Every structure is written in C-alpha cells, then in structure tokens.
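>>> Pasting the sequence and the predicted model now:
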Amino acid sequence: MFEGLTAAAADPILGLADIYNADERTHKINLSVGIYKDENMLTPILNCVKKAETFLLEREQTKSYLPIDGLATFNSATQKLLFGEDSPLLQTGRVKTAQAPGGTGALRIMADFLARRTKVRRIWVSNPTWPNHQSVFQTAGLEVREYRYYNPHTHELDFATLLEDLSQISAGDAVLFHGCCHNPTGIDPTAEQWQAISDVAAKNGWLPVFDLAYQGFGKNLDDDAFGVRFFAEHQPELLIASSYSKNFGLYNERVGALTLIAQNDDIATKAFSQIKTMIRANYSNPPSHGAKIVAYILNDPEMKNEWIDELTTMRQRIHRMRQLFVKTLQEKGARQDFSFIAKQNGMFSFSGLTESQVLTLRDDYGIYTVNSGRINVAGMTLDNMSLLCESIVKVLA
Ligand code: PMP
C-alpha cells in the first residue's frame with residue numbers, strides 16, 4: 001500500500017522552521033513563522049495564562065470527557081468576545097458555538113460540515129491567503145477558487161476587483177474572509193468596505209464564512225471584530241472559525257471555536273446538531289486544558305483586564321517594530337517607499353520582496369522569510385533591526 005507513495009512537499013511555512021533551526025549562523029533572523037516574539041525573541045506564556053493554569057491545576061478534579069461541543073463556559077465567552085458582551089444577537093438562540101482544536105480544527109469542521117451536510121461544493125478564498133486554507137478545504141472535498149484581493153503595485157486592497165469578483169459568485173458557494181489582520185498581506189477592508197461586501201453577499205446569496213485568528217492584534221478587540229459583527233447583523237447565515245493561538249499565546253494547547261449563525265433558533269439547533277456529528281466522527285470531543293484557561297480569564301473581569309493589557313503590549317510592540325522598520329530602511333538608504341508597512345494590521349506584511357530576493361536574504365544573510373515575501377514583523381527587535389534593514393537594502397540594490 002505504501003511503497004508507491006512519493007514524499008509530500010514540506011509545508012511552505014513550517015518546513016522553513018526546520019531549515020532555520022539547522023542554520024548555524026549566530027546572526028540569523030527568523031521572520032517566517034507566524035508566532036509572536038517579544039523583544040528578547042521569546043514567545044513567553046502570558047502572566048494571566050500562568051495564573052489561570054495554577055488556579056485550575058489546584059482545583060482540577062477529573063479528566064473525564066468534555067461534551068462533543070466542548071466547554072459551555074468557553075463557548076459562551078467566545079460568543080461575547082465575537083459579538084460584544086451585550087449583543088442582542090446572543091439572546092436570540094440564532095448563535096451556536098463549538099469548541100475546536102485551534103483555528104485549524106474549527107476550519108476543518110467548518111469544511112466538513114459544508115461539504116457533507118450542506119449543498120456547498122465550492123469555496124472562494126482571497127488571493128493570496130494563508131496556504132493552509134487551500135489544503136483544509138480541498139482535503140474536506142470542496143473545490144477551492146480564488147477572488148482577487150491585493151494590488152502588488154499600490155500595496156493596497158484592490159477593492160474594485162475584489163467587488164467585481166465577489167459579484168460574480170453565485171448562491172450556493174461559500175466565500176471565506178479573514179476577520180482582521182489578513183494573513184499574509186496585513187491589509188483589511190475598512191468599515192465601509194465591509195458594508196459593501198456584505199451588500200454583495202445579500203444580493204447574490206452566497207454564504208459568508210470567516211476566519212478570525214488575530215482578534216486584538218490589529219486595532220483592538222472590538223474594531224477587529226467589526227466585519228464579523230456587521231455580517232452577523234446583516235446576514236441570515238454565517239460561520240466563524242476563531243483561534244486563541246495568537247491572542248492568548250496558547251499555540252500548542254490548540255484552542256479555537258466554530259460559531260454558526262442561522263435564521264432562527266430552530267434552524268440553528270438542527271444545523272448545530274450536524275456540526276456535532278462532524279466533530280464526533282473526527283476527534284469525538286475537544287481537549288480541555290486550553291479552553292478552561294480561556295474561559296477562566298474571559299469570565300473573570302479582573303483576569304480579563306490583565307489579558308487585555310498583555311494583548312495590548314503585544315500589539316503595540318508589533319506596531320512599533322513596523323514604524324522602526326520603515327524608518328531604518330530609509331536611514332540605510334532604501335530607494336523604495338516602504339511606508340505602506342506601517343499602515344498594515346497584525347503580525348504580517350507583504351514586503352514586496354521577490355522570491356529570488358527572499359532566497360538571497362536566506363542564503364547570503366541568514367534572514368528567513370516566506371517565499372511569497374511575507375514577513376513576520378514580530379520577529380524584529382531593536383537588536384536585529386539594523387542588520388536586517390542593511391541586508392534588505394543590499395539585496396534590493
Ligand atoms: N487562520 C489563519 C489566517 C492563520 O494565520 C492561522 C495560524 N497561522 C490559523 C488560521 C490557525 O490557527 P491555529 O494555530 O489556532 O490552528
């Protein structure tokens with residue numbers, strides 16, 4: 001059975017981490033993987049998470065299974081974070097949430113549900129997008145198509161062509177949006193643009209679905225959910241995959257959620273029961289530890305404030321690095337205008353570096369970015385900025 005198999009290509013992003021780790025150059029810089037790093041190049045456990053863990057470990061009484069849809073207190077806290085504490089939507093019964101193993105797990109359950117339980121056969125994703133979107137949806141059996149999103153000449157959202165493409169998509173298809181901090185471009189629609197996109201969804205009748213992996217990394221928790229909230233108010237149906245990997249730094253605990261909105265409580269209850277059948281057949285029920293941490297923090301006002309402070313610190317550091325990167329590139333003599341990088345949201349930037357420039361940076365300078373030119377701004381520090389910018393300017397010359 002196995003003899004005829006050829007080796008699969010290494011994951012374009014995770015594969016790079018192995019090459020980086022094997023690189024013996026001491027001045028190497030890693031801007032490839034999507035992980036937050038602090039000024040010391042570390043990804044520490046948040047203080048609020050450590051506190052929650054200590055509290056929970058002391059009181060934990062059982063390792064018995066969670067329900068198929070996970071921890072109820074986690075799911076309700078997820079809904080409040082998505083839609084706002086006092087959102088009237090939460091009183092309607094139209095919203096159902098299932099805990100999932102990370103944002104990826106939520107996307108996979110979303111994909112299985114669409115492919116096996118609804119009439120959706122095709123999903124549209126932005127060009128470019130996080131490469132795993134393609135893999136997750138295709139593996140679940142959906143056809144994946146792309147809509148245009150990014151203008152490489154202006155380094156902006158290509159809104160006219162985006163709307164043109166979305167207007168051609170018909171009812172029965174699903175369309176995926178990044179809720180905020182678009183990965184890899186760092187460019188999100190404005191409030192007015194989200195409204196215009198929502199109008200096209202309503203007119204054409206395609207199903208909007210969201211991937212929200214960076215809530216709190218863009219502007220703040222509420223503004224980053226604007227698109228999701230606007231769609232939740234104006235669309236009859238919606239699916240949202242949330243991830244707590246970045247904003248709680250809980251990467252390896254695999255904490256995420258899948259949220260469904262339907263026209264009314266009855267339809268939502270039935271549809272959600274189908275989502276549960278997908279979970280049952282996939283991993284039966286989710287792991288408990290990470291979700292308990294998130295639920296404990298979000299449901300305790302003091303702990304929640306502590307978390308928001310730590311999240312703000314991460315966001316502000318990235319923002320400072322964006323500005324310093326633009327300034328240092330200029331100081332080192334870059335002839336190109338990189339000011340667009342300071343305007344982008346989240347950890348990522350589409351730098352505009354070509355694949356051959358990316359390879360030269362890696363081979364000659366020990367600077368690792370993804371082949372597409374995506375850089376993780378969180379990999380920059382006060383210490384490595386000068387060398388980084390000098391190297392980039394040399395490669396661009
Ligand atoms: N969606 C996007 C856009 C992402 O960037 C990521 C993480 N790189 C995920 C989903 C998956 O997150 P998780 O680690 O929670 O599975």
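Here it is on my side, so go on.

>>> A helix includes residue 175, no?
No. Counting by DSSP: H, G, I helix; E, B strand; the rest coil, residue 175 is not part of a helix but strand.

>>> can you tell me which residues contact residue 206?
124, 166, 169-175 (Cβ atoms under 8 Å, 6 or more residues apart in numbering). The way it works is simple: take the backbone N, C-alpha and C, and place the C-beta from them, glycine included.

>>> What of residue 18?
Residue 18 sits next to residue 10 when contact means Cβ under 8 Å, 6+ apart.

>>> With the ligand as the reference, measure out to it.
17 Å (Cβ to the nearest ligand atom, to the nearest Å).

>>> Likewise for residue 41?
For residue 41, the distance to the ligand - Cβ to the nearest ligand atom - is 19 Å.

>>> for residue 380, same thing?
Taking Cβ to the nearest ligand atom, one finds residue 380 at 18 Å from the ligand.

>>> quick revisit: which among the contacts of residue 206 end up buried?
Among the contacts of residue 206, those buried by neighbour count (16 or more other Cβ atoms under 10 Å) are 124, 166, 169, 173-175.

>>> just to revisit the earlier point, from the contacts of residue 206, which two are the most distant?
For these, the maximum inter-member distance is 14.4 Å, found between 166 and 172 (Cβ to Cβ).

>>> Could you tell me how far stretch 306-319 lies from the centre of the chain?
Centroid separation for stretch 306-319 versus its chain: 17 Å, with Cα atoms, centre = their mean, to the nearest Å.

>>> Show me what counts as buried in that stretch.
Quick answer for stretch 306-319 (16+ other Cβ under 10 Å): 306-308, 310-311, 314-315, 317-319.

>>> Those residues: which two are farthest apart?
Taking Cβ to Cβ, no two of the buried residues of stretch 306-319 sit farther apart than 306 and 319, at 20.6 Å.

>>> Determine the longest helix present in the chain.
helix 301-331 (DSSP state H).

>>> Could you list every helix and strand in contact with that one?
For helix 301-331, the packing partners by 3 or more Cβ pairs under 8 Å, 6 or more residues apart in numbering; DSSP states H and E come out as helix 47-59, helix 289-298, helix 340-343, helix 385-396.

>>> just the angle between it and helix 385-396, please?
Going by axes from the mean of the first three to the mean of the last three Cα atoms, to 10 degrees, helix 301-331 is angled at 50 degrees with respect to helix 385-396.

>>> and helix 301-331, how far from the chain's centre?
With Cα atoms, centre = their mean, you get 17 Å for helix 301-331.

>>> Give me the mean pLDDT for it.
The average pLDDT within helix 301-331 is 97.

>>> among the helices and strands packed on helix 301-331, which is nearest the ligand?
Nearest to the ligand, of all those, is helix 289-298, at 10.0 Å by Cβ to the nearest ligand atom.

>>> contacting residues around the closest one?
Residues outside helix 289-298 that contact it (Cβ under 8 Å, 6+ apart) are 48-49, 52-53, 55-56, 66, 70-71, 73-74, 77-78, 80-81, 99, 244, 248, 250, 253-255, 303-304, 306-307.

>>> Now do the same for it: mean pLDDT, whole number.
Mean predicted confidence for helix 289-298 is 98.

>>> anything in that helix near the ligand?
No. Among the residues of helix 289-298, none lie within reach of the ligand under Cβ under 6 Å from any ligand atom; the closest is 10.0 Å away.

>>> Just after the helix or strand of the chain with the lowest mean pLDDT, pick out the following helix or strand.
With mean pLDDT, DSSP states H and E as the measure, the helix or strand of the chain carrying the lowest mean pLDDT is helix 14-22 (a mean of 86). Scanning forward in sequence from helix 14-22 by DSSP states H and E, the next helix or strand is strand 29-30.

>>> give the contact list for residue 228.
Residues in contact with residue 228 (Cβ under 8 Å, 6+ apart) are 82-83, 179, 210, 212, 238, 240.

>>> Can I get the strand or helix carrying it in PDB? Just the C-alpha atoms.
Assigned by DSSP H and E, residue 228 falls within helix 226-234. Extracted in PDB, the C-alpha atoms of helix 226-234 (Å, rounded to 0.1, in the frame of the first residue of the first chain):
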ATOM      1  CA  PHE A 226     -16.200  44.900  13.000                       C
ATOM      2  CA  GLY A 227     -16.500  42.700   9.900                       C
ATOM      3  CA  VAL A 228     -17.700  39.700  11.800                       C
ATOM      4  CA  ARG A 229     -20.200  41.800  13.700                       C
ATOM      5  CA  PHE A 230     -21.600  43.600  10.700                       C
ATOM      6  CA  PHE A 231     -22.100  40.400   8.800                       C
ATOM      7  CA  ALA A 232     -23.700  38.800  11.900                       C
ATOM      8  CA  GLU A 233     -26.200  41.600  12.000                       C
ATOM      9  CA  HIS A 234     -27.000  41.700   8.300                       C
END
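
>>> Show me what counts as buried in that helix.
Buried residues in helix 226-234, counted by 16+ other Cβ under 10 Å: 226-229, 231-232.

>>> before we move on, back to that, how about TSV for the contacts of residue 206, with distance to residue 268 and pLDDT added?
Listed next are these as TSV, based on distance: Cβ to Cβ, whole Å; pLDDT from 0 to 100:
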residue	distance to residue 268	pLDDT
124	24	98
166	25	98
169	24	98
170	24	93
171	20	96
172	20	95
173	21	98
174	17	98
175	20	98
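
>>> Can you convert the residues you listed into TSV and add a column each for distance to the ligand?
Below are those laid out as TSV (distance: Cβ to the nearest ligand atom, whole Å):
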residue	distance to the ligand
124	15
166	19
169	20
170	25
171	26
172	24
173	20
174	16
175	15
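
>>> For this structure, list the residues in contact with the ligand, please.
So the chain meets the ligand at 34, 102-104, 130, 178, 183, 211, 213, 243, 245, 256 (Cβ under 6 Å from any ligand atom).

>>> so which of these is the most crowded?
residue 256 (29 neighbours; other Cβ atoms under 10 Å).

>>> any chance you could read off phi and psi for that one?
The phi and psi values for residue 256, taken as degrees, to the nearest 10, are phi -160, psi -180.

>>> helices and strands around the helix or strand harbouring residue 165, which ones?
If you go by DSSP H and E, residue 165 is part of helix 159-168. Judged by 3+ Cβ pairs under 8 Å, 6+ apart, helix 159-168 is in contact with strand 143-148, helix 191-204.
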